[in-house]
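*Asks:* Need the 3D shape of this:
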Amino acid sequence: MLSTNLKYLRKRLGITQAQMAEKISIKRSLIGAYEEGRAEPKLSTLVSISRLFGISLDSLITQDHSQLVPSLDQEEANKQEGKLRVLAITVDQDHNENIELVPQRASAGYLNGYADPEFMEDLPKFRLPMLAGTGTYRAFEIAGDSMLPLVSGTVIVGRFVEDWNYIKDGTPCIIVSQREGVVFKRLFNKVKTGAYMALHSDNPVYPPYEVPVNDILEIWEAKAYISSSFPMADLSLSKLSSIVLDLQHEVMKLKKAI
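*Replies:* Numbers count the residues shown, from 1 in each chain. Next up, the predicted model:
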């Protein structure tokens with residue numbers, strides 16, 4: 001099915017095997033082998049092919065070519081509504097997804113290169129076995145003190161969020177937007193008519209603000225962080241009072257159970 005789809009989509013786009021090979025940076029002979037079913041593309045190549053044709057990986061691999069035209073039309077409509085997000089990834093020699101690191105100095109370039117496989121290839125990469133197989137992850141080095149106690153230079157590891165409607169209010173996320181760039185905030189999803197999302201800082205000095213949904217390019221739910229600075233313990237009076245109240249509550253529960 002994949003081989004038939006590749007040939008059909010290439011002809012629909014009106015390009016030769018050589019032109020297609022040049023666009024996705026592989027040898028022309030490989031395109032012929034894929035279309036004849038003599039070889040299977042690796043994951044990174046499939047991602048490049050899906051981007052070239054503007055079609056999801058799932059449709060490319062599982063749908064018959066006769067069903068692709070309505071699928072393509074629907075995806076084009078989704079693009080216009082800002083619902084379809086093409087994600088460029090990199091994989092290791094065993095086809096396991098990497099975690100790409102976006103340093104502070106590369107944040108501005110990320111706005112233009114977030115969907116470009118070549119840009120992704122140039123970023124530092126690593127893997128965390130504890131996160132393997134649970135989604136697609138990317139790491140971002142944050143700047144500023146708006147999310148204390150996490151300090152500037154902390155690396156936030158986020159999991160890609162495909163459907164933004166399921167983000168719980170208050171979830172810490174990396175938000176990539178045309179207006180704000182790359183920021184780390186707590187996200188509140190249901191604002192006004194759904195045309196905006198509210199971004200809150202943990203540092204009360206910074207007031208919350210809204211970002212138009214149409215300006216947002218990607219959202220990554222924070223799942224881990226890497227830092228050379230350890231957060232200071234919160235020993236404020238309010239925190240100590242909360243701890244005492246919790247202890248009293250547990251003591252009362254124990255007394256009732258005896």
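*Asks:* Can you read off the backbone torsions of the nearest residue to residue 170 once chain neighbours are set aside?
*Replies:* Sequence neighbours aside, residue 186 is the residue nearest to residue 170 in space, at 5.3 Å (criterion: Cβ to Cβ, 6 or more residues apart in numbering). Bear in mind the C-beta positions are built from the backbone N, C-alpha and C, glycine included. Backbone dihedrals for residue 186, given as degrees, to the nearest 10, come out at phi -90, psi 130.
*Asks:* show me what contacts residue 186?
*Replies:* 170, 171, 172, 173, 199, 200, 201, 202 (Cβ atoms under 8 Å, 6 or more residues apart in numbering).
*Asks:* Between which two of those is the distance greatest?
*Replies:* The span of those, defined through Cβ to Cβ, is set by 171 and 201 at 14.0 Å.
*Asks:* Out of the two, name the residue with the larger neighbour count.
*Replies:* Using other Cβ atoms under 10 Å as the criterion, residue 171 and residue 201 rank with residue 201 on top: 19 against 16.
*Asks:* Was I right to think the more buried one contacts residue 187?
*Replies:* No: assessed by Cβ atoms under 8 Å, residue 201 is found out of contact with residue 187, at 11.5 Å.
*Asks:* which element follows the helix or strand of the chain with the lowest mean pLDDT toward the C-terminus?
*Replies:* Scoring the helices and strands of the chain by mean pLDDT, DSSP states H and E places helix 68-80 at the bottom, with a mean of 46. Where DSSP states H and E defines the elements, the next helix or strand beyond helix 68-80 is strand 99-102.
*Asks:* do you know how far residue 49 is from residue 4?
*Replies:* 14 Å (Cβ to Cβ, to the nearest Å).
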